[in-house]
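**Student:** quick check, what structure comes out for this input:
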Amino acid sequence: SELYALAFRDAASTKLRFGSSEFNRHVAERVSNPTPEMLEASQKAGMRNTFNAPPGDVSTALGLFIKNAHLEPIIPFRRTVGNLFKEGARMTPGLHLAVGEWRKDFAAGGARRDMALAEVTVGGALMTAIYLATQSGSITGGDSPDPKQRTADLAAGKRPYAVKVGNEYITGYQRMAPYGMLIGMAADLQQIKQYTTQEEHDRLATMIGTAIAKNVTNQTFMSGVTNLINAASDAGRYGEPYMESLAGSLVPGFFGQMAREHDPLEREIEGAFEAIQARIPGWREGLRPKIDVFGEHVPTPEKLWYGSPFGISVLSTDKVRTEAMRIGFAPALTPKKLDAKIGVSTKDTEITLTPEQRDIFATTSGQMAHATLERLVSAPGWEKIPQLRKRQLYERAFEISRRQAGIQALTPKERATEQKAIIDRIVKELREE
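**Tutor:** Numbers count the residues shown, from 1 in each chain. Purely as a prediction, here's the structure:
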């Protein structure tokens, strides 16, 4: 197509009338017998359009650093990734000036300048449209910075980096590089504005920088680098998940995708061995299912078609879940330890829960809290209750439910110890009266 475009421009530079037989013959002749300059230009265009253009100075230096640091297993596709970022930057207003190739095309004048200006114009128009669509809720950016809001959103079916169609969220637009990067940046920019103060709104450069950084680190092909940096900066929080992801990468992605698509449920992964098991078809189902905050199994997201990178999440019609999302409520994670005695919180009295006990705790507390809240949110006058009071009611419902679930999760011996502690406390209180 680039060769035809060059031939067309060459014909247009002559005095031949556009659309005439002579004009068309001239184009056909140039396509059949292109000049060396036309061949070189078309080859460069082909390399660029397939994201295989030779690396620039920055990419070359980065490639040498990766090679010397032996980071090839973590960042295997350097040229393609670098070109994807470069193409995205060429279409991003403001960021395009940092791309040397764009500046050279602009300085060359003629068709090259027109193409360079068209790229950034189209990119700016796309980002503006996405910004407005995010404002109306048709498109989502990244997760909320509030972990409770993130949990509530997921429980209600809302997904980050997705397009909303009816009551469904279709995820995966970030995979449509380089346009996905522009869409994500525009969506993130709008959402960052929602979560910042008026004073922070005035720092436009900071907001744009945050949106760019957030989008770059959220790209699927950057996950290895992002996970490594997180693990190095906070080993206690990210070290184990990073080792699990490395272990899981031993299984080819094709098998991992097949295993997930044939499993109707999401699975809990604890340790490198289970990370490998989760990516093997037929073996994955032996892992414990994930349980959400309301005690239900988390289903595997549907796909638009088999093997599709685009997932579908249906927005819940359950008012308990949608209200939790609206007020931004979510309980704390399922604890790994429980106090063996009521009212005592020393480490000597803590009981470590087994994975099976944690599942009982999560299921019992979540379902009990849901049943309680369902009666509250469906009662007349719920809409008139202030939002702060609604959050308090949600918190109280989970507090009571978790107290009961803690007893259910204990073994008979631990439960007897718990009951004895309650009796001892009651006797003590009665004697003090």
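**Student:** what ranges do the strands span in the stretch 101-250 of the chain?
**Tutor:** With DSSP state E, counting those that start in this stretch, the ranges of strands along the stretch 101-250 of the chain come out as 162-165, 168-171.
**Student:** which residue, other than its chain neighbours, is closest to Glu49?
**Tutor:** Actually, residue 49 is Asn rather than Glu. Nearest non-adjacent residue to Asn49, counting by C-beta to C-beta, 6 or more residues apart in numbering: Glu2, 7.9 Å away. Any C-beta I mention is one placed from the backbone N, CA and C, and that applies to glycine too.
**Student:** the stretch 251-400 of the chain: strands as residue ranges?
**Tutor:** Counting by DSSP E, counting those that start in this stretch, the stretch 251-400 of the chain forms strands over residues 302-303, 311-314, 337-339, 350-352, given from the N-terminal end onward.
**Student:** quick one: distance of the second one to the chain centre.
**Tutor:** Going back to what we said before, that points to strand 311-314. The gap between where strand 311-314 is centred and where its chain is centred comes out at 13 Å by C-alpha atoms, centre = their mean, to the nearest Å.
**Student:** same check on the shortest one?
**Tutor:** Average the C-alpha atoms of strand 302-303, do the same for its chain, and the two points are 16 Å apart (C-alpha atoms, centre = their mean).
**Student:** so what strands line up beside it?
**Tutor:** When sheet partners are counted by DSSP bridges, strand 302-303 sits next to strand 311-314 (antiparallel).
**Student:** tell me, how many residues neighbour the residue lying closest to Ala177 once chain neighbours are set aside?
**Tutor:** The spatially closest residue to Ala177, leaving aside those adjacent along the chain, is Leu84, at 4.6 Å (C-beta to C-beta, 6+ apart). For Leu84, the neighbour count with other C-beta atoms under 10 Å is 18.
**Student:** likewise for His297?
**Tutor:** When neighbours are counted by other C-beta under 10 Å, His297 comes out with 14.
**Student:** again, but for Thr317
**Tutor:** 10.
**Student:** could you check how far the residue nearest to Asn49 is from Ala111?
**Tutor:** In this structure, Glu2 and Ala111 are 11 Å apart, going by C-beta to C-beta, to the nearest Å.
**Student:** so where's the stretch 51-200 of the chain uncertain?
**Tutor:** Filtered on pLDDT under 70, the stretch 51-200 of the chain yields the residue ranges 57-59, 61-63, 65-66, 69-78, 195-200.
**Student:** residue boundaries of the helices in it?
**Tutor:** Secondary structure of the stretch 51-200 of the chain (DSSP state H, counting those that start in this stretch): helices located at 57-68, 78-90, 100-108, 110-135, 147-156, 179-194, 198-201.
**Student:** looking at the ones you listed, which is nearest to Gly307?
**Tutor:** Relative to Gly307, the nearest member of these by C-beta to C-beta is helix 179-194, separated by 18.3 Å.
**Student:** surely the residue nearest to Asn49 meets Ala41?
**Tutor:** Yes. Glu2 is in contact with Ala41 according to C-beta atoms under 8 Å; the separation is 6.9 Å.
**Student:** Lys420 is nearest to which of the helices of the stretch 51-200 of the chain?
**Tutor:** Taking C-beta to C-beta as the criterion, helix 147-156 is the member of these that comes nearest to Lys420, at 35.4 Å.
**Student:** what's stretch 319-329 in contact with?
**Tutor:** The set of residues that contact stretch 319-329 without belonging to it, under C-beta atoms under 8 Å, 6 or more residues apart in numbering, is 144, 146, 148-149, 152-153, 155-158, 293-294, 315-316, 330, 370, 373-374, 377-378, 387, 390-391, 394-395.
**Student:** please name whichever of the helices of the stretch 51-200 of the chain is nearest to Ser365.
**Tutor:** When those are compared for distance to Ser365 using C-beta to C-beta, the nearest one is helix 147-156, at 13.8 Å.
**Student:** what helices and strands are in contact with the closest one?
**Tutor:** helix 319-327 (3 or more C-beta pairs under 8 Å, 6 or more residues apart in numbering; DSSP states H and E).
**Student:** buried ones in the helix it packs on, by neighbour count?
**Tutor:** Of the residues in helix 319-327, those with enough neighbours to count as buried (16 or more other C-beta atoms under 10 Å) are Val320, Arg321, Thr322, Glu323, Ala324, Met325, Ile327.
**Student:** check the offset of that helix from the chain's centre.
**Tutor:** Computed by C-alpha atoms, centre = their mean, the separation of helix 319-327 from the middle of its chain amounts to 21 Å.
**Student:** quick check: mean pLDDT across it?
**Tutor:** Per-residue pLDDT values over helix 319-327 give a mean of 93.
**Student:** then stretch 409-428?
**Tutor:** Averaging pLDDT residue by residue across stretch 409-428 gives 70.
**Student:** over to stretch 369-384?
**Tutor:** When pLDDT is averaged over stretch 369-384, the result is 92.
**Student:** return the set of buried residues in stretch 391-404.
**Tutor:** By neighbour count with 16+ other C-beta under 10 Å, stretch 391-404 contains the buried residues Leu393, Tyr394, Ala397, Phe398, Ser401, Arg402.
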